[in-house]
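Participant: pasted the sequence and its predicted model underneath.
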Amino acid sequence: MSAAEWIRFILGSIFIIVGMVIFFTELFGVFHFKYVLNRMHAAAMGDTLGISACLIGLMIFSGLNFTTLKMFLIIVFLWFASPVSSHVLSRLEAATNEHLAEHCEIYEDVESLEQELAARREAENTNEKEAYPS
Amino acid sequence: MEKEMLYHPLFIGLLILLSFMLLICLIRAVKGPRVADRLVAVNMMGTMVMVMISVLALLLKEGYLVDICLIYAMISFLAVVVISKVYIGIYEERQHNLKNGEGGDSNERG
């Protein structure tokens, strides 16, 4: 085996190991968090980043041919599909859970949320001015 | 020959690791208290199966297995979207029927 092939093998292995670590993190997060909307955060990370790292490693292994192009298409498709499926799943959870207010804050409309965010920002600004008077 | 000796154990080890992680995902899907939990776990399982199919395509040197992987990605996305939409519809219909049942006219449907 030549030096170039060794470099290819090591580079691909590094990408695949990174992907496996991300999958382990995903599994840990899914068992660690207590509620679906928190678990979804960990699961969506593995859907895009984990499979991208694994498939980039496999693409480096396979060289330059049609298999590589198809793997790239899979990555691009998952980049578009995974946020959509996460959105639909969170809508399912928000629509069917009657006790949603126990797990997260709920605002009746967007305006009340914006008002509270503006009030919070203003409070932070005044705090900063008190801490660091110019 | 030497190249085979290097790649083969890596791919086999990767497949064994991924199958263990798949089993842990299955535990999450069985345990999950809510429907969305199970759907998230099934989505994760789909992702891991996609990596497994791609590894198999390189291990067996059959390029067309990656086509199957692409189709698998599309079908798993479609399954999640359709199942959640259908479940929202069923839930709303059930709530509607419950409200109607309280009102007294339980004969009406839909």
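Facilitator: Now that the structure is in, tell me what you want to look at.

Participant: any idea how far the residue nearest to A:Ile16 when sequence neighbours are not counted is from A:Arg121?
Facilitator: Among residues not flanking A:Ile16 along the chain, A:Gly57 sits closest, at 3.7 Å (CB to CB, 6 or more residues apart in numbering or on different chains). C-betas here are computed from N, CA, C, even on glycine. Using CB to CB, to the nearest Å, we find A:Gly57 at a distance of 43 Å from A:Arg121.

Participant: neighbour count: these two, which is higher?
Facilitator: A:Gly57 (25 against 10; other CB atoms under 10 Å in any protein chain shown).

Participant: how near is the more buried one to A:Asn65?
Facilitator: Taking CB to CB, one finds A:Gly57 at 16 Å from A:Asn65.

Participant: follow-up on the earlier one: for the residue nearest to A:Ile16, what are its contacts?
Facilitator: Applying CB atoms under 8 Å, 6 or more residues apart in numbering or on different chains to A:Gly57 gives the contacts A:Leu11, A:Gly12, A:Ser13, A:Ile14, A:Phe15, A:Ile16, A:Val18, A:Gly19.

Participant: can you select the buried ones from those residues in PyMOL?
Facilitator: Command for PyMOL that selects the buried part of those, burial taken from 16 or more other CB atoms under 10 Å in any protein chain shown:
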select buried, chain A and resi 12+13+15+16+18+19
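
Participant: in helices only, show me the contacts of A:Gly57.
Facilitator: Counting by DSSP state H, the contacts of A:Gly57 place A:Leu11, A:Gly12, A:Ser13, A:Ile14, A:Phe15, A:Ile16, A:Val18, A:Gly19 in helices.

Participant: now A:Thr126: which helix or strand?
Facilitator: helix A:110-131 (DSSP states H and E).

Participant: packing partners for that helix?
Facilitator: Packing contacts for helix A:110-131, counted by 3 or more CB pairs under 8 Å, 6 or more residues apart in numbering or on different chains; DSSP states H and E, involve no helix or strand.

Participant: show me where chain A has its helices.
Facilitator: Using DSSP H, helices in chain A cover A:3-32, A:36-45, A:51-62, A:66-96, A:110-131.

Participant: meant to ask about chain B, not that
Facilitator: According to DSSP H, the helices that chain B contains are B:2-31, B:35-59, B:65-103.

Participant: in CSV: those, plus mean pLDDT.
Facilitator: Below are the helices of chain B laid out as CSV (pLDDT from 0 to 100):
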stretch, mean pLDDT
helix B:2-31, 90
helix B:35-59, 92
helix B:65-103, 89
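
Participant: winner for burial among these?
Facilitator: For the helices of chain B, the largest average neighbour count (mean count of other CB atoms under 10 Å in any protein chain shown) is found in helix B:35-59, namely a mean of 22.

Participant: helices or strands up against that one?
Facilitator: So helix B:35-59, by 3+ CB pairs under 8 Å, 6+ apart, packs with helix A:3-32, helix A:36-45, helix A:51-62, helix A:66-96, helix B:2-31, helix B:65-103.

Participant: and the ones you listed: which comes nearest B:Gly46?
Facilitator: Nearest to B:Gly46, of all the helices and strands packed on helix B:35-59, is helix B:65-103, at 3.6 Å by CB to CB.

Participant: now do the closest one: distance to the chain's middle.
Facilitator: On the basis of CA atoms, centre = their mean, to the nearest Å, helix B:65-103 is displaced by 13 Å from the centre of the chain it belongs to.

Participant: then stretch A:93-107?
Facilitator: 22 Å.

Participant: over to stretch A:100-118?
Facilitator: With CA atoms, centre = their mean as the basis, stretch A:100-118 stands 23 Å off its chain's centre.

Participant: kindly check the end-to-end length of that stretch for me.
Facilitator: End-to-end distance of stretch A:100-118 (CA to CA, to the nearest Å): 24 Å.
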